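# have a look at this fold, sequence not included:
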């Protein structure tokens, strides 16, 4: 008799425990706070959603990738390589060997993207890290973006700024 009266009580207790558990949402749990913006040919591009900052542990280096979307689904990405896994303030430039780059997609899913990732195409990226820890980064950037298909189509980036936290550490 006691077993029968315990079963409904245990069922209610189990349901209460499982409903109290908060499910993890990989999209909401892996979002940074802060700001990320730039001017492209004097037109402001500001990330307003899905801002993320991820620190990747690469062979011999750390790589910080900051990305997000604008309200009109333009994509913005910044890539900074920290040689010797030394997170430190300073200037990081795109070169033939260092992949410190800027990328901008005017509309996701189209071939209307620009990037500063190839110095042979006269692209340029200069990223200044003002402060950085394993959980927070702040800095500015400028550059020259080259269209992904039409190499002659270039855009100038000015007034690039970012301040993000937390930084999600990836292995």
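All right, it came through fine. If you're wondering where the values come from, they're calculated on a predicted model, not measured in any experiment.

# mind listing the helices for this structure?
For the chain, applying DSSP state H gives helices covering 2-20, 26-29.

# weakest of the ones you listed in terms of mean pLDDT?
Of all the helices of the chain, the minimum mean pLDDT falls on helix 2-20 (a mean of 39).

# next one: residue 168 from residue 42, what distance?
In this view, residue 168 and residue 42 are 32 Å apart by CB to CB, to the nearest Å. For the C-beta atoms, the positions are set from N, CA and C on the backbone; glycine is no exception.

# to clarify, my last question referred to residue 78.
Distance from residue 78 to residue 42, by CB to CB: 19 Å.

# all strands for the chain, in order.
Per DSSP state E, the chain carries strands over the ranges 33-40, 43-46, 49-58, 61-69, 75-83, 90-93, 101-105, 113-116, 124-132, 137-147, 154-165, 168-170.

# columns mean neighbour count on top of the ones you listed, output as CSV?
Shown next, in CSV, are the strands of the chain (neighbours: other CB atoms under 10 Å):
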stretch, mean neighbour count
strand 33-40, 18
strand 43-46, 13
strand 49-58, 17
strand 61-69, 19
strand 75-83, 21
strand 90-93, 15
strand 101-105, 22
strand 113-116, 24
strand 124-132, 19
strand 137-147, 21
strand 154-165, 18
strand 168-170, 13
